[in-house]
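Peer 1: Structure, please.
(chains A and B)
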Amino acid sequence: MKRLLLSGLFLAGLLWALFSFRGLATQGTYDSIILDFREDLGAAQVEQQVQGFAQQFGATPRFNSAFSTDDHVFVVKGDRALLRALLKSPLSRYTEIIEPNYQYSTQLLPNDPDYGKQWNLRSINIEPAWDSTRGDGTVVAVIDTGITRVPDLELTGFVEGYDFVNDRVEATDDNGHGTHVAGTIAQSTNNGKGVAGIAHGANLMPLKVLNANGSGTVADIAEAVKFAADNGAHIINMSLGGGGESQLLQKAIEYAHQKGVLVVAAAGNEGRNAVSYPARYRHVVGVAALDPAGSKTPYSNYGAGIDLSAPGGLKNGDDPAGGILQNTIDPARPGTDIYASLEGTSMAAPHVAGVAALVRASGVTDPDQIEQVLKESAIAIQDDARNYYGAGKLDAAAAVKLAEKGQITFRDFFNWLRENGYLNPRFWIDGGVTALVPKIAMVLGSYILAWFLRNYFPFSWSWSLSAGLVAGSAGLFPLKGFYLFDAPQLPFRLLGSSIPELGSALQGTTLLNPIFASVLIPFGLILLLLGHAQWKWFAIGTALGTAACLGVSAAIAPALLWLGSGSLAQSFLAVNAVLCFALAALAAKPEVRHP
Amino acid sequence: MNQIQVTGTVDRKGFGTGTWVLVASSGETYELYEPAAELQKKGLKVKVSGTVREDVMTLAMVGPVLQVAHYEVLEA
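Peer 2: Numbering: from 1, shown residues only, chains lettered A, B, ... in the order given. Model prediction:
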């Protein structure tokens, strides 16, 4: 009975899977049908069938190309109804194939004449993303100086916004900044005019909070965030910042987050280790700015609060080439528009907001999940000890691809901790800063070395030995990704580093410094501490730990300052690892023990 | 409010659509909040007193927003 039930369930599952599998073909579009007549028919017979077809269906099949004559391949204009009728008609007896002539689309290369100058769009890998979505159906609120419908926003959708500066419904721009930011998000694209925008199928909600001079009050900004959340915005872009911590704004952001709105903000342009408000608040995606080469711009803020990095541009004097080019108003001449090349983290944030709209249009609607998709799909930067880049560089194509998978797993444990308030929001953890597997290998490796040594020279485990093993192998490595707002990160980097990594921690790189990553420090420590009954074991522990760290580094990632990452670096690390172990063995030998 | 006195040089920063700043002799950059026409001059050395507006945000994001109450031009 049980077996029958199980077989029944299995069969039902199989049938369900078969029927719900739509295949790839049903998703294609076509407006013509292929008719491939049998090869054994003569030209006259084919001609006869074609003429009969024309009379019966009112459309004339044509050769697909000059090469189709011998194969008898014809193409005829028609839709699904004609296809069905053809399959049932007597004609099917004379044909080998009757099938839809599917259209294969190639990537969108917009016809906007200045698209070629938009290095920033290519650097976020936008073209493959456009194959899947243009952001249709999403609403992006731009909290800024307002948006004026300049000529290259002609096809862009707008929803009603509000002007909080002048208290009126119409929220046009009198500065030029807001319209430029809006252009990056949704400039009309493939309209034969000007430049392109990232999510040009999305709708813009203009919210004016900054006056013509580019400043505005926190009260207006908080109200605008609430307005966006209450009026159907899915994503909010805030290319603004400054001021102090404001509970009002923080509450408005929490409110928007609860209503399912993703908030994106610029990191600020002071070039220092202190991200501006509102980018540093919880539930706000803080965006740092990249230059055309993909490096952090000198002006971009960094450190705690940076979640992602995106193109912000870097101009060389008046040369517009390095900036972000969009259509905006000419503040000097009211009523006219210009294509302005601007730079700043203000320009970086709307890249993230635009790609967020693409991700949302791909079916991921929860703001936390959108953020997760953006971070997981970003191009991670390995050498980022100061958190210049957050999770990495924005990648539109990878984000859309990941979003289309539809299933987002919250793999980032630290992020989960933060979201659930287990960690005080005043500090910030970059879970991706250390690769976990090599660290665990280093700690385990050092213990294995100690165990190995103990077989020859029996000694007892002690806290000093353990401390030495940890200090030598991996350090308190979770601390490496620990950032306290506005505080220098160096102390955490030092505590989070093992002895061989100290040199790199001081310099803020991930390359090992050969002076520190060698037998030198363990040797010094053993010389210094050999006379002490307990601390001696700490020194031995550091030697073993360093041996494990250098050994694992030699095997996995032999990257050394000055020596490169080739076989030279590898042999340097391996030799020093062996020396460290030999040193530990020498020091642990009972005969050497000091009286 | 946060009353301060700053001596420094007026400059124009190009972020976004541009803004007027005061680079203090200490190195700190202040964004000038709606500065008087006379202060809108690159290279002007001034001594100003005013308040840091914690309740104001800007598109330039180059430093604390300083609303000037009094100023004295030291060197044009």
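Peer 1: and stretch A:579-595, C-alpha only, in CSV?
Peer 2: Only the C-alpha atoms of stretch A:579-595 are listed here, as CSV (Å, rounded to 0.1, in the frame of the first residue of the first chain):
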residue,chain,number,x,y,z
LEU,A,579,63.1,27.7,9.6
CYS,A,580,60.3,28.7,12.0
PHE,A,581,59.4,25.1,12.7
ALA,A,582,63.1,24.2,13.2
LEU,A,583,63.4,27.1,15.6
ALA,A,584,60.4,25.9,17.6
ALA,A,585,61.8,22.4,17.7
LEU,A,586,65.1,23.7,18.9
ALA,A,587,63.6,25.8,21.6
ALA,A,588,61.3,23.1,22.8
LYS,A,589,64.1,20.5,23.2
PRO,A,590,64.4,19.9,27.0
GLU,A,591,68.2,20.3,26.9
VAL,A,592,67.9,23.9,25.7
ARG,A,593,65.7,24.7,28.6
HIS,A,594,67.2,27.4,30.7
PRO,A,595,67.7,26.7,34.3
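Peer 1: Show me which residues of it are buried.
Peer 2: A:579-581, A:583-585, A:587-588 (16 or more other Cβ atoms under 10 Å in any protein chain shown). C-beta coordinates here come from the backbone N, C-alpha and C atoms, glycine included.
Peer 1: Go through those residues and say which is closest to residue A:391.
Peer 2: Each of the buried residues of stretch A:579-595 was checked against residue A:391 using Cβ to Cβ; the closest is residue A:580, at 35.0 Å.
Peer 1: could you check the distance from that closest one over to chain B?
Peer 2: For residue A:580, the distance to chain B equals 45 Å [Cβ to the nearest Cβ, to the nearest Å].
Peer 1: okay, and for the chain, where does confidence drop off?
Peer 2: Since no chain was named, I'll use chain A. Residues of chain A that meet the criterion pLDDT under 70 lie in A:1-30, A:66-68, A:102-108, A:406-435, A:591-595.
Peer 1: Actually, chain B is the one I wanted.
Peer 2: B:1, B:16.
Peer 1: can you list the residues of it near chain A?
Peer 2: Applying Cβ under 8 Å from any Cβ of the partner chain, one finds that chain B approaches chain A through B:13-17, B:19, B:29, B:31, B:33-34, B:53-65.
Peer 1: returning to that earlier point: quick check, nearest of the buried residues of stretch A:579-595 to residue A:173?
Peer 2: For the buried residues of stretch A:579-595, the nearest to residue A:173 is residue A:580 (63.9 Å; Cβ to Cβ).
Peer 1: who's in contact with the nearest residue to the closest one once chain neighbours are set aside?
Peer 2: Excluding the flanking residues, the one nearest residue A:580 by Cβ to Cβ, 6 or more residues apart in numbering or on different chains is residue A:547, at 3.7 Å. Residue A:547 makes contact with A:445-446, A:449, A:472, A:577-578, A:580-581, A:584, according to Cβ atoms under 8 Å, 6 or more residues apart in numbering or on different chains.
Peer 1: rewinding a little: and of the buried residues of stretch A:579-595, the nearest to residue A:365?
Peer 2: Among the buried residues of stretch A:579-595, residue A:580 lies closest to residue A:365 (Cβ to Cβ), at 53.4 Å.
Peer 1: tell me which element the closest one is part of?
Peer 2: Element membership of residue A:580 [criterion: DSSP states H and E] is helix A:567-588.
Peer 1: still on that earlier bit, which strand or helix spans the residue nearest to residue A:580?
Peer 2: Per DSSP H and E: helix A:535-556 holds residue A:547.
Peer 1: For that helix, buried residues please.
Peer 2: For helix A:535-556, by 16+ other Cβ under 10 Å, it's A:535-554.
Peer 1: now stretch A:327-347
Peer 2: In stretch A:327-347, the ones that count as buried by 16+ other Cβ under 10 Å are A:327-329, A:331, A:337-347.
Peer 1: Among those residues, which ones are in helices?
Peer 2: The helices, defined by DSSP state H, take in A:345-347 from these.
Peer 1: next structured bit after the helix or strand hosting residue A:357?
Peer 2: Using DSSP H and E, residue A:357 sits within helix A:345-361. Where DSSP H and E defines the elements, the next helix or strand beyond helix A:345-361 is helix A:367-377.
Peer 1: what's that next one packed up against?
Peer 2: Where contact means 3 or more Cβ pairs under 8 Å, 6 or more residues apart in numbering or on different chains; DSSP states H and E, helix A:367-377 is packed against strand A:262-266, helix A:345-361, helix A:396-405.
Peer 1: ok so, going back, let me know the closest of the buried residues of stretch A:327-347 to residue A:136.
Peer 2: Checking these against residue A:136 by Cβ to Cβ gives residue A:327 as the nearest, at 21.0 Å.
Peer 1: and the closest one, what does it touch?
Peer 2: A:150-153, A:179-180, A:183, A:187, A:194-195, A:337-340 are the contacts of residue A:327 under Cβ under 8 Å, 6+ apart.
Peer 1: circling back: of the residues of chain B next to chain A, just the buried ones, PyMOL syntax please.
Peer 2: In PyMOL syntax, the buried subset of the residues of chain B next to chain A is picked out as below (16+ other Cβ under 10 Å):
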select buried, chain B and resi 13+14+15+16+17+19+29+31+33+53+54+55+56+57+58+59+60+61+62+63+64+65
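Peer 1: Could you list which of the residues of chain B next to chain A belong to helices?
Peer 2: Using DSSP H, none of the residues of chain B next to chain A sit in helices.
Peer 1: Check the buried residues of stretch A:579-595 and tell me the two furthest apart.
Peer 2: The span of the buried residues of stretch A:579-595, defined through Cβ to Cβ, is set by A:579 and A:588 at 14.8 Å.
Peer 1: ok, residue B:11 touching residue B:42?
Peer 2: Yes - counting by Cβ atoms under 8 Å, residue B:11 touches residue B:42, with 6.0 Å between them.
Peer 1: The two: who's more crowded?
Peer 2: Just comparing residue B:11 and residue B:42: by other Cβ atoms under 10 Å in any protein chain shown the higher neighbour count belongs to residue B:11, 17 against 9.
Peer 1: So the more buried one belongs to a strand, correct?
Peer 2: Yes - assessed with DSSP: H, G, I helix; E, B strand; the rest coil, residue B:11 lies in a strand.
Peer 1: how much space between it and residue B:63?
Peer 2: 11 Å (Cβ to Cβ, to the nearest Å).
Peer 1: Now do the shared contacts for those two.
Peer 2: residue B:21.
Peer 1: ok now do the closest residue in space to residue A:151 that isn't next to it in sequence, which residues does it touch?
Peer 2: Leaving aside its chain neighbours, residue A:151 sits nearest to residue A:337 (5.9 Å; criterion: Cβ to Cβ, 6+ apart). The neighbourhood of residue A:337, defined by Cβ under 8 Å, 6+ apart, consists of A:148, A:150-152, A:327-330.
Peer 1: Would you check how far apart residue A:337 and residue A:351 are?
Peer 2: As judged by Cβ to Cβ, residue A:337 and residue A:351 stand 22 Å apart.
Peer 1: same question, residue A:451
Peer 2: 52 Å.
Peer 1: What's the nearest residue in the stretch 301-450 of chain A when you look at chain B?
Peer 2: For the stretch 301-450 of chain A and chain B, the shortest gap (Cβ to the nearest Cβ) falls at residue A:344, measuring 4.2 Å.
Peer 1: Not counting sequence-adjacent ones, nearest residue to that residue?
Peer 2: Of all residues not flanking residue A:344 in the chain, residue B:15 sits nearest, at 4.2 Å (Cβ to Cβ, 6+ apart).
Peer 1: I'd say the one you found and residue B:59 touch.
Peer 2: Yes - under the criterion of Cβ under 8 Å, residue B:15 makes contact with residue B:59 at 7.4 Å.
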